[in-house]
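Q: Prediction below, plus the sequence it came from.
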Amino acid sequence: MGSSVVVSMGIGLAAAVQAAILGRAASELRTLAVSLGLLLAGLMVAATWATTQRAWGDVAETASQWWWLPLGVMGWLIVGALGFASARIGVAATLGLAVATQLATGLAIDVHRNTISLGVRPLLGLVLLGVGVVMLVGAAR
């Protein structure tokens, strides 16, 4: 669990830095053009990884499934939306709203999958995060 916590925190750090850079770039360039540029950079890194790890078979197997396409489109749009929103309401408010929505959705999914029981603690955590997000959004420009 320890490494999962560190990885999750790293994702949060990377997302915040990415949103800040995207917000600045989106004020000068088209947001989805910035997102496409990042996608191309990610594609180059991923292709290098797949080549060095000999993982092209896994890539082909994934690409043969239907679900990769809508998830890829959503990923591209998420990056563009981060730039769009953070340029207008700030990084903290953007990520606060996104994380609160992710937490609420994730909690619903986990309850549905019986991964977690819906109780006072998870609901209180969701409420507290929601209060924090309302405070952040209220402080935005």
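A: Looks like it arrived, so ask away.
Q: By residue count, tell me the biggest helix in the chain.
A: Looking across the chain with DSSP state H, the single longest helix is helix 2-26.
Q: Flag every buried residue along the helix or strand following that one.
A: Going down the chain from helix 2-26, the next helix or strand is helix 31-52, by DSSP states H and E. Of the residues in helix 31-52, those scored as buried under the neighbour-count criterion (16 or more other Cβ atoms under 10 Å) are 31-32, 34-35, 38-39. For the C-beta atoms, the positions are set from N, CA and C on the backbone; glycine is no exception.
Q: Stretch 70-81 now?
A: Using 16+ other Cβ under 10 Å as the test for burial, stretch 70-81 gives 76, 79-81.
Q: For the residue of the chain most remote from its centre, give its distance to Trp68.
A: When each C-alpha in the chain is compared with the mean C-alpha position (Cα atoms, centre = their mean), Arg54 comes out farthest, at 27.3 Å. According to Cβ to Cβ, to the nearest Å, Arg54 and Trp68 sit 20 Å apart.
Q: go on, Glu28?
A: Taken as Cβ to Cβ, the spacing of Glu28 relative to Trp68 amounts to 32 Å.
Q: more neighbours, those two?
A: The residue with more neighbours, out of Glu28 and Trp68 and counting by other Cβ atoms under 10 Å, is Trp68; that gives 13 against 8.
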